[in-house]
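K.L.:
return a 3D structure for these sequence lines:
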Amino acid sequence: MTELRIGFIPLSDAAVLIAAAELGFAEREGLSIQLEKEASWATMRDKLAFGVIDAAHLLAPLAIASSLGLGPTPSARLTVPFALHLNGNAITLSMRLWEELAQPEDADPAAIAGALAEVVKRRSRAGAAPLTLATVFPYSTHTFLLRHFLQPAGIDLDRDIRLTVVPPPYTAEALKIGAIDGFCVGSPWNNVAVASGTGRIVAIGPELVPDAPDKVIAWPEGRLDEVAAGRLIRALKLSGEWCASPANHPELASLLAEPRHIGVEAAILMNTLRGRLPVRLGGPVKATEAYLRFGGEVHRPSMEQARWTYREMVAAGQIADAPETERAALAVYRPDLFDRAVAEDRWSPG
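P.N.:
Residues are numbered from 1 along each chain as shown. Sure, this is the predicted structure:
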């Protein structure tokens, strides 16, 4: 049995990894996965870079950034052979700010962003401090989604808003105590803020960027040999198919709800898995099966996903566009490893 230490952040999109480790999919492939729960992406990046863990549930843009040597940690060339999901994020504002916007319950994200732009202008004219919005890490799909939400309304994320970083499991509490005015994060933390009565979801990921790439499995280049890599990819693929089935969602929600995993009520997790999100406590529900996608081709780390991520990093001013930089960024993604592992698959999910 090959033992692997794999880090994860308490998020619904870690479901495929958690289920693979806990429900026998890894064992079928001769793997024993030791899950290591972390709160922040910075810690996860550092543990990967210094070889403390073998692989990680990781932000796709962070995998590219680390490989390009961006940030304070020494450059760590990473391999991305598996995409964990598509979508799964949302933008939530404090109830105080939502009430100030004075928007109807059925307002779409564009209308809400327009009203937010007016609040930003009023605060600027009054000499008030700018609104503080949180992302989970600079190199993240969440940062890009905030830009897609705000920029069409004329809000400059670098000039008009104070953008800060809050680790995912702390976002709802940061909103509750007034440390931030809103955030973009993966489920279930938007739903936790709603359930506490302190947050109002104003946009979900698919409304801003349909099928946005987000989290991946990554490991330092060469850390896993070809045999171990194939086994892990196959175990995750099987788990992804199992997680995608609505019939398995009650069991999955209960598994994720355990304190050693996400530690949030199973009912809240069921809502995220079913794509039924109350936008505020006692309020209407946004419903879409595309909210958090697992299974099938979702898990193949395609070049299209890599290019989208690279272009968003360029648009955000995080990297300068250059042919050699693009080649290095795209090389992080390894659909060839995924394809080879899947071609050897001999199991089917039960």
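K.L.:
count the neighbours of Ser75 for me.
P.N.:
Residues lying near Ser75 (other CB atoms under 10 Å) number 13. C-beta: built from backbone N, CA, C; applies to glycine.
K.L.:
nearest residue to Val202 in space, please, no chain neighbours.
P.N.:
Leaving aside its chain neighbours, Val202 sits nearest to Ile112 (4.7 Å; criterion: CB to CB, 6 or more residues apart in numbering).
K.L.:
what do you get for Ala110?
P.N.:
Pro152 is the one closest to Ala110 (CB to CB, 6+ apart), at 6.5 Å.
K.L.:
distance of the one you found from Val166?
P.N.:
As for Pro152, its distance to Val166 is 24 Å (criterion: CB to CB, to the nearest Å).
K.L.:
likewise for Met95?
P.N.:
Distance of Met95 to Val166, given as CB to CB: 18 Å.
K.L.:
follow-up on the earlier one: quick one: which of Pro152 and Val166 has more around it?
P.N.:
Counting neighbours by other CB under 10 Å for Pro152 and for Val166 shows that Val166 has the greater number, 23 against 14.
K.L.:
tell me the pLDDT of the more buried one.
P.N.:
Here the pLDDT value assigned to Val166 is 98.
K.L.:
wait, it sits on Phe183?
P.N.:
Yes - using CB atoms under 8 Å, Val166 is in contact with Phe183, at 6.4 Å.
K.L.:
so what sits against both of these two?
P.N.:
Listed as contacting both Val166 and Phe183 by CB atoms under 8 Å, 6 or more residues apart in numbering are 134-135, 174.
K.L.:
among those residues, which are in helices?
P.N.:
Those of the shared contacts of Val166 and Phe183 mapping onto helices are Ala174, per DSSP state H.
K.L.:
now, which of the shared contacts of Val166 and Phe183 sits nearest Ala14?
P.N.:
Distance to Ala14, by CB to CB, is smallest for Thr135 among the shared contacts of Val166 and Phe183, at 18.4 Å.
K.L.:
identify the residues contacting the closest one.
P.N.:
By CB under 8 Å, 6+ apart, the contact set of Thr135 is 142-143, 146, 163-166, 183-184.
K.L.:
look up phi and psi at Leu68.
P.N.:
Dihedral pair for Leu68: phi -90, psi 0, per degrees, to the nearest 10.
K.L.:
what residues does whichever strand or helix holds Ala306 touch?
P.N.:
Taking DSSP states H and E as the criterion, Ala306 maps to helix 303-315. The contact list for helix 303-315 (CB under 8 Å, 6+ apart) reads 60-61, 64-65, 80, 83, 139, 141, 144, 147, 212-213, 319-321, 326, 329-330, 332-333, 335.
K.L.:
and stretch 241-257, by the same measure?
P.N.:
By CB under 8 Å, 6+ apart, stretch 241-257 touches 12, 15-16, 18-19, 22-23, 25, 261-267, 269-270, 273-274, 293-296, 298, 348-350.
K.L.:
buried ones from those, can you make that a PyMOL selection?
P.N.:
Here is the PyMOL selection string for the buried members of the contacts of stretch 241-257, based on 16 or more other CB atoms under 10 Å:
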select buried, resi 12+15+16+18+19+22+23+25+261+262+264+266+269+270+273+274+293+294+295+298+349
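K.L.:
now, the contacts of stretch 241-257 that are in strands?
P.N.:
Mapping those onto strands (DSSP state E) picks out Arg293.
K.L.:
and stretch 110-126, what's buried?
P.N.:
By neighbour count with 16+ other CB under 10 Å, stretch 110-126 contains the buried residues 112-117, 119-120.
K.L.:
rebuild those residues as a markdown table, extending it with secondary structure and pLDDT.
P.N.:
Listed next are the buried residues of stretch 110-126 as a markdown table, based on DSSP: H, G, I helix; E, B strand; the rest coil; pLDDT from 0 to 100:
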| residue | secondary structure | pLDDT |
| --- | --- | --- |
| Ile112 | helix | 98 |
| Ala113 | helix | 98 |
| Gly114 | helix | 98 |
| Ala115 | helix | 98 |
| Leu116 | helix | 98 |
| Ala117 | helix | 98 |
| Val119 | helix | 97 |
| Val120 | helix | 97 |
